[in-house]
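Participant: 3D model of this:
(chains A and B)
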Amino acid sequence: SQKIEQNSEALNIQEGKTATLTCNYTNYSPAYLQWYRQDPGRGPVFLLLIRENEKEKRKERLKVTFDTTLKQSLFHITASQPADSATYLCALGTNNNDMRFGAGTRLTVKP
Amino acid sequence: DTGVSQDPRHKITKRGQNVTFRCDPISEHNRLYWYRQTLGQGPEFLTYFQNEAQLEKSRLLSDRFSAERPKGSFSTLEIQRTEQGDSAMYLCASSSPAGFGTDTQYFGPGTRLTVL
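Facilitator: Below you'll find the model as predicted:
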């Protein structure tokens, strides 16, 4: 069956360090992958999109990699800040533009 | 604010009652999605519309659930004979894909349903 797994459920890091979140998938052939941020009680907010033929994307302190051989995406936040504390969701998009989400990783950045 | 709006934000109902939620997407967006999210999980796809046509429904969407988008603008999601297992956050999102691989979805704040 199709699975999207975000490891781990929670990640705690110190302010200033780089946070690395993973998204692994099985039995999928995603055309693209997106990362969203979700704060408690709010809807997800789009951060970055990376297509299957792209290896890496950057936006300010964010970096996403996409390895279709390993079936994995890594999401990095450099120079992390307490304001980066949130749940981060990966979502896989297919050829007909529908998306499926992972369960998310809750990131806590401690001052 | 020109983002996606949802109404109500919170709904408490008794088991067996019917509830209806409304979503107003970003005005120029032709796609509208409904998701359900429970605590500690990511959003689960329920259904989506391209303009007024409902193009896909998840198997999660039992016959007690119905969604409409009558004029291709706002959408409603109705749950009949609610059950305690329906308690969740119901999220609406809209998008306007410019082509393949461009479906960035913009989410509303959600409607939190509690079934007693």
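
Participant: SS state for B:Gly85?
Facilitator: On the three-state scheme (DSSP: H, G, I helix; E, B strand; the rest coil), B:Gly85 is labelled helix.

Participant: what's the local residue count around it?
Facilitator: Residues near B:Gly85, counting by other C-beta atoms under 10 Å in any protein chain shown, number 9. Every residue, glycine included, has its C-beta placed from N, CA and C.

Participant: A:Ala83 looks like it's in a strand, true?
Facilitator: No: counting by three-state DSSP, one finds A:Ala83 to be helix, located in no strand.

Participant: so how far is B:Thr82 from the residue lying closest to it once chain neighbours are set aside?
Facilitator: Nearest residue to A:Ala83 in three dimensions, chain neighbours excluded: A:Val109, at 7.8 Å (C-beta to C-beta, 6 or more residues apart in numbering or on different chains). Plainly put, A:Val109 is 38 Å away from B:Thr82 if you go by C-beta to C-beta, to the nearest Å.

Participant: need the contact list for the residue nearest to A:Ala83.
Facilitator: Counting by C-beta atoms under 8 Å, 6 or more residues apart in numbering or on different chains, A:Val109 makes contact with A:13-15, A:19, A:80-85.

Participant: if we go to 6 Å?
Facilitator: Going by C-beta atoms under 6 Å, 6 or more residues apart in numbering or on different chains, A:Val109 touches A:13, A:15, A:80, A:82, A:84-85.

Participant: what's the closest non-adjacent residue to B:Tyr48?
Facilitator: Per C-beta to C-beta, 6+ apart, closest to B:Tyr48 is B:Tyr33, 4.4 Å.
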